[in-house]
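Q: Quick one, what's the 3D model for this:
(chains A and B)
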Amino acid sequence: QVQLVQSGAEVKKPGASVRLSCKTSGYSFVNYYVHWVRQAPGQGLQWVGTINPNSGAMGHAQNFQDRVTFARDMSTSTVYMDLRNLRSDDTAVYFCARDGGFDYPLYYFDSWGQGALLTVSS
Amino acid sequence: DIQMTQSPSSLSASVGDSVTITCRASQVISKSLAWYQQKVGEAPKLLICDASRLESGVPSRFSGSGSGTEFTLTISSLQPDDFATYYCQQYYVIPYTFGQGTKLEIK
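A: Numbering: from 1, shown residues only, chains lettered A, B, ... in the order given. Down below sits the predicted model:
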């Protein structure tokens, strides 16, 4: 079955960087985009960005102002999100999620990781 | 960015009731709308895509409709497992945006 398993919780200081991972299994890694969505405590959902695991091409929401990048390791079917220059308002649960489209992204999310809490605090 | 506005923000209902949640987009998004269910401490779960297409395995008591700027999610004959928060999401244009959520509680 499709699974996305994320790395654990992180605590970082403002200005630091973090790398979150999302190991996928149960499907063809190269055929589905993977997205990242975050949820601040008690708040709604915010799309962060996406990576095409086949080409490595990526995109992100403008409000991250190039603080975020994505990477993939095809040998382990894992995607990564790097977030730099952390701020307190980056504190959130970060989810990875598989795109609903095979070979062509549809930009809705049909399978999700369990989430990873990132806390940014001095 | 396209703003997605859900109403109501919260809703109380009883097992067996039928409820409807509305999602309005700030501009036309055709039928590029998904609905998710999220329970406390869990990841969201996709229920409906393309405004009305039920995801595999989702009970038929869930239904979606709408196009353009106004959409609805209806849950008929509420079951105890349905009490959760529901989000709509537009995927018509980047950035893909979500509604603020509708919390469905047991009366």
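Q: and A:Trp47, how many neighbours?
A: Counted by other CB atoms under 10 Å in any protein chain shown, the residues lying close to A:Trp47 total 22. In short, each C-beta sits where N, CA and C put it, glycine included.
Q: List the contacts of it.
A: Residues near A:Trp47 by CB atoms under 8 Å, 6 or more residues apart in numbering or on different chains: A:His35, A:Trp36, A:Val37, A:Ala61, B:Pro95, B:Tyr96, B:Thr97, B:Phe98.
Q: again, but for B:Lys31
A: By CB under 8 Å, 6+ apart, B:Lys31 lies in contact with B:Asp50, B:Ala51, B:Ser52, B:Gly66, B:Ser67.
Q: and if you look at A:Ala71?
A: Contacts of A:Ala71 by CB under 8 Å, 6+ apart are A:Ile51, A:Gly56, A:Val79, A:Tyr80, A:Asp82.
Q: just checking, which of the residues you listed belong to helices?
A: Within the contacts of A:Ala71, no residue falls in helices by DSSP state H.
Q: Show the buried residues in these.
A: Among those, the ones that count as buried by 16 or more other CB atoms under 10 Å in any protein chain shown are A:Ile51, A:Val79, A:Tyr80.
Q: Am I right that the first one is in contact with A:Asp73?
A: No: counting by CB atoms under 8 Å, A:Ile51 sits too far from A:Asp73 to count as a contact (11.4 Å).
Q: helices or strands next to the helix or strand of chain A with the lowest mean pLDDT in the packing?
A: One helix or strand of chain A scores below all others by mean pLDDT, DSSP states H and E: strand A:58-60, with a mean of 95. When contacts are defined as 3 or more CB pairs under 8 Å, 6 or more residues apart in numbering or on different chains; DSSP states H and E, strand A:58-60 sits against strand A:45-51, strand A:68-73.
Q: Need the contact partners of it.
A: For strand A:58-60, contacts defined as CB under 8 Å, 6+ apart pick out A:Val48, A:Gly49, A:Thr50, A:Ile51, A:Asn52, A:Asp66, A:Val68, A:Thr69, A:Phe70, B:Ile94.
Q: Note down every partner strand of it and its orientation.
A: strand A:45-51 (antiparallel) (DSSP bridges).
Q: Convert the partner strand to PDB, retaining C-alpha atoms only.
A: Provided in PDB are the C-alpha atoms of strand A:45-51 (Å, rounded to 0.1, in the frame of the first residue of the first chain):
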ATOM      1  CA  LEU A  45      -3.500  24.100   5.900                       C
ATOM      2  CA  GLN A  46      -1.000  25.900   3.800                       C
ATOM      3  CA  TRP A  47       0.700  24.600   0.600                       C
ATOM      4  CA  VAL A  48       4.500  25.000   0.800                       C
ATOM      5  CA  GLY A  49       5.700  23.600  -2.500                       C
ATOM      6  CA  THR A  50       6.300  20.500  -4.600                       C
ATOM      7  CA  ILE A  51       9.000  18.400  -6.300                       C
END
